[in-house]
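In: structure, please.
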Amino acid sequence: MQGLDDQESPSQASVVLGGSSFHRLICGYSGHESGVVRKSAAWRRSGVTLLAAATLLDGCGSGSVHVATRSSGEATGPSSTTLKSFAVTSPVPAGQPGKMVAGPSGDAVWWWAVGEDRQARVYRFSTADHRLASWRLGDAEVDGLESGIQYGIAVAPSGVVWVGTNLKLARLDTATGAVRVIDVPVMAPQQPSQPQGPPQTANLHPIAGVAVGEGGQVALATAGSTAIPIYDPASNSFRRLVLPSGFGATDVAYLADGTLAVGLEPPTGPQENGAVLLVDPSGRTKLATGVEAGFVMPAGDRFLAGQVGLYWVYPDGATKPGPTAIPGQQWIAYASSHPAWPLLNGHVAEVARGYDGLTDMANGQPARSITLALRPCPTGAGGVSGGIPIGPGPTASTMPTTTTTQICHTRIGALAALGNAIWYLEDGQPLIWRVGGL
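Out: Numbers count the residues shown, from 1 in each chain. Take a look at the predicted model:
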């Protein structure tokens with residue numbers, strides 16, 4: 001019913017700075033690549049050069065200025081972290097952060113969002129040829145696809161995309177563009193001891209998380225319910241998975257072997273009293289307790305779960321503490337948001353508080369802070385989208401003239417991991433970034 005919406009190829013300005021030397025200025029097809037900005041004396045010394053380069057870049061024909069620095073004494077090679085950006089035209093999915101997912105083919109990241117025209121669309125950015133494709137799902141309001149968050153998305157190996165919001169499950173066949181919107185049955189609601197909101201919200205059970213198993217079944221995390229629905233496309237029917245008494249679902253994930261994990265928030269008490277419900281392919285269940293489970297996602301043959309702290313959860317119900325973030329920088333995960341992503345090398349990359357950086361973590365190793373690229377702040381910008389991001393680092397600097405230009409951190413709007421790299425949409429700018437060398 002809905003065809004391929006549009007495709008784009010990247011076009012933008014690029015610059016690499018090293019210490020105080022202007023190495024390269026390119027205006028054209030290529031992406032923007034640079035060393036990561038470090039909180040160091042060398043980085044602070046390069047501030048004047050950064051701003052001078054920004055002024056030159058402003059005349060490069062791109063609508064955005066992309067600036068980052070590398071200390072002249074910084075090591076290069078596999079251990080150095082690099083940033084590279086590509087121009088995209090897409091709204092950033094709502095959320096803190098918004099949801100992106102890695103495609104099963106390993107060469108694309110996907111998200112969905114509602115644009116200013118009130119149309120809901122699915123987006124695919126190819127990490128191989130750096131092209132953006134989009135498909136229209138329908139009208140957000142007319143088709144019931146409106147949501148305060150856009151977290152529910154999963155991509156099957158067949159290329160079918162499943163999007164969940166409110167109590168609607170949308171199936172998109174990317175080969176034909178055909179869209180089908182399926183009504184999701186209301187599961188048994190929780191009975192809170194205290195009112196959780198105004199009366200009109202009592203029966204709202206929005207879909208927060210979506211996961212697709214190897215057999216094609218689609219598990220949905222619905223808020224405020226004592227059970228979650230699992231959809232079988234072959235029979236076009238739902239079955240209920242009843243949750244442990246008092247718990248509510250936050251997120252869902254499948255391993256390649258078919259094991260399902262359901263993140264559970266505790267009915268009362270601290271988040272450390274959360275749990276993960278594990279369902280093996282035969283239907284047998286185990287409960288991994290004593291973990292924070294604001295989100296859960298596959299990580300090879302195990303799951304990564306967390307909210308403030310991170311935990312490894314195994315299919316047999318065993319758990320281990322995950323890597324530790326820098327104190328005060330860890331992000332508190334909202335239900336089904338994915339602020340932390342496991343990498344193939346065993347590291348975990350997590351959004352730093354303030355959205356202006358990442359923390360690279362590995363068990364048994366000190367956490368490493370990664371500050372993202374800087375740019376001159378947008379003129380007249382304000383608020384979360386396109387405003388002056390909150391975070392460490394300089395808030396203003398003076399150019400070698402009488403003009404004072406504020407410097408803004410880029411902000412992460414949504415992120416996902418592919419291999420050992422993080423891809424993120426910049427909040428307030430039409431850019432997607434690759435963070436490599438983690």
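
In: what number of residues lie near A175?
Out: Counted with other CB atoms under 10 Å, the burial measure for A175 works out to 10 neighbours. From N, CA and C alone the C-beta is placed, and that goes for glycine too.

In: same question, L260
Out: 24.

In: quick one: residues contacting it.
Out: 211, 213, 219, 252-254, 278-279 (CB atoms under 8 Å, 6 or more residues apart in numbering).

In: hmm, which helix or strand of the chain has the shakiest average pLDDT?
Out: Each helix and strand of the chain was given a mean pLDDT (mean pLDDT, DSSP states H and E); the minimum falls on strand 21-28 at a mean of 24.

In: mind jotting down where the strands sit in the stretch 251-400 of the chain?
Out: Counting by DSSP state E, counting those that start in this stretch, one finds strands in the stretch 251-400 of the chain at the ranges 260-265, 275-279, 285-289, 295-299, 302-306, 310-313, 319-321, 340-342, 348-351, 357-362, 365-371, 374-376, 396-398.

In: mind putting those strands in TSV, distance to S158 and mean pLDDT included?
Out: TSV is the format used below for these (distance: least, CB to CB, whole Å; pLDDT from 0 to 100):
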stretch	distance to S158	mean pLDDT
strand 260-265	19	95
strand 275-279	22	97
strand 285-289	28	96
strand 295-299	18	95
strand 302-306	23	96
strand 310-313	28	96
strand 319-321	33	96
strand 340-342	24	94
strand 348-351	29	93
strand 357-362	32	90
strand 365-371	35	87
strand 374-376	40	70
strand 396-398	51	34
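
In: P104 is nearest to which of the ones you listed?
Out: Proximity to P104 (CB to CB) singles out strand 295-299 among the strands of the stretch 251-400 of the chain, at 11.0 Å.

In: what angle do that closest one and strand 260-265 make?
Out: Angle between the axes of strand 295-299 and strand 260-265 is 150 degrees (criterion: axes from the mean of the first three to the mean of the last three CA atoms, to 10 degrees).

In: in its sheet, what does strand 295-299 sit against?
Out: If you go by DSSP bridges, strand 295-299 pairs up with strand 302-306 (antiparallel).

In: coming back round to it: nearest to D107, out of the strands of the stretch 251-400 of the chain?
Out: For the strands of the stretch 251-400 of the chain, proximity to D107 was assessed by CB to CB; strand 340-342 is nearest, at 16.6 Å.

In: strands paired with the closest one, and their directions?
Out: Strand 340-342 is paired, per DSSP bridges, with strand 348-351 (antiparallel).

In: run through who's touching the partner strand.
Out: Contacts for strand 348-351 (CB under 8 Å, 6+ apart): 97, 304, 310, 322-323, 325, 330-331, 339-343, 357-362, 412, 415, 417, 422, 435, 438.

In: export that strand as CSV, just CAs?
Out: Output in CSV follows, covering the C-alpha atoms of strand 348-351 (Å, rounded to 0.1, in the frame of the first residue of the first chain):
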residue,chain,number,x,y,z
VAL,A,348,29.7,-1.5,26.4
ALA,A,349,29.1,2.1,25.1
GLU,A,350,26.7,4.2,27.1
VAL,A,351,25.2,7.7,26.7
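
In: run through the stretch 101-250 of the chain and note the low-pLDDT ranges.
Out: Applying pLDDT under 70 to the stretch 101-250 of the chain flags the ranges 147-150, 188-205.

In: again, 50 this time
Out: Applying pLDDT under 50 to the stretch 101-250 of the chain picks out residues 192-203.

In: T82: which of the strands of the stretch 251-400 of the chain is closest?
Out: Proximity to T82, assessed across the strands of the stretch 251-400 of the chain by CB to CB, is greatest for strand 365-371 (10.6 Å).

In: who are the packing partners of the closest one?
Out: strand 357-362 (3 or more CB pairs under 8 Å, 6 or more residues apart in numbering; DSSP states H and E).

In: angle of the strand it packs on against strand 365-371?
Out: 160 degrees.

In: strand 357-362 pairs with which strands, and in what direction?
Out: strand 348-351 (antiparallel), strand 365-371 (antiparallel).

In: keeping just the C-alphas, turn that strand into PDB.
Out: Output of strand 357-362 as PDB, limited to C-alpha atoms (Å, rounded to 0.1, in the frame of the first residue of the first chain):
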ATOM      1  CA  GLY A 357      29.200  12.200  25.200                       C
ATOM      2  CA  LEU A 358      29.700   8.400  25.500                       C
ATOM      3  CA  THR A 359      31.300   6.200  28.100                       C
ATOM      4  CA  ASP A 360      33.300   3.300  26.800                       C
ATOM      5  CA  MET A 361      33.200   0.500  29.400                       C
ATOM      6  CA  ALA A 362      34.700  -3.000  29.800                       C
END
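
In: contacts for that strand?
Out: The contact list for strand 357-362 (CB under 8 Å, 6+ apart) reads 81, 310, 322-326, 329-330, 346-352, 367-372, 391-392, 409, 412, 422, 435, 438.

In: if we use 6 Å, what do you get?
Out: 323, 325-326, 329, 347-350, 352, 367-368, 370-372, 438 (CB atoms under 6 Å, 6 or more residues apart in numbering).

In: what is the neighbour count of the residue nearest to G346 when sequence neighbours are not counted?
Out: Nearest non-adjacent residue to G346, counting by CB to CB, 6 or more residues apart in numbering: A362, 6.0 Å away. Counted with other CB under 10 Å, residues neighbouring A362 total 17.

In: please name the bridge partners of A362.
Out: Beta-bridge pairing for A362 (DSSP bridges): Q365.

In: tell me how far it lies from V276.
Out: Between A362 and V276 the distance is 22 Å, computed by CB to CB, to the nearest Å.

In: same check on G213?
Out: The gap separating G213 from V276 is 16 Å, by CB to CB.

In: which of those two has more neighbours?
Out: Counted by other CB under 10 Å, G213 and V276 do not tie: V276 has more neighbours, with 26 against 21.

In: so what's F303 bridging to?
Out: Counting by DSSP bridges, F303 forms beta bridges with P298, V313.

In: spit out the contact partners of it.
Out: 261, 296, 313.

In: same thing with L167?
Out: Counting by CB under 6 Å, 6+ apart, L167 has contacts V184.

In: next, give phi and psi for it.
Out: Backbone torsions for L167, taken as degrees, to the nearest 10, come to phi -120, psi 40.

In: for the one 4 residues further on, same thing?
Out: The phi and psi values for R171, taken as degrees, to the nearest 10, are phi -110, psi 120.

In: any idea how far the nearest residue to P323 once chain neighbours are set aside lies from L438?
Out: Nearest residue to P323, sequence neighbours excluded (CB to CB, 6+ apart): M361, at 3.6 Å. Per CB to CB, M361 is found 10 Å from L438.

In: ok, what's across the strand from E350?
Out: A340, T359.

In: got the domain boundaries for this structure?
Out: Described in terms of automatic domain parsing, the domain architecture of the chain consists of the residue ranges 7-85+370-412, 90-369.
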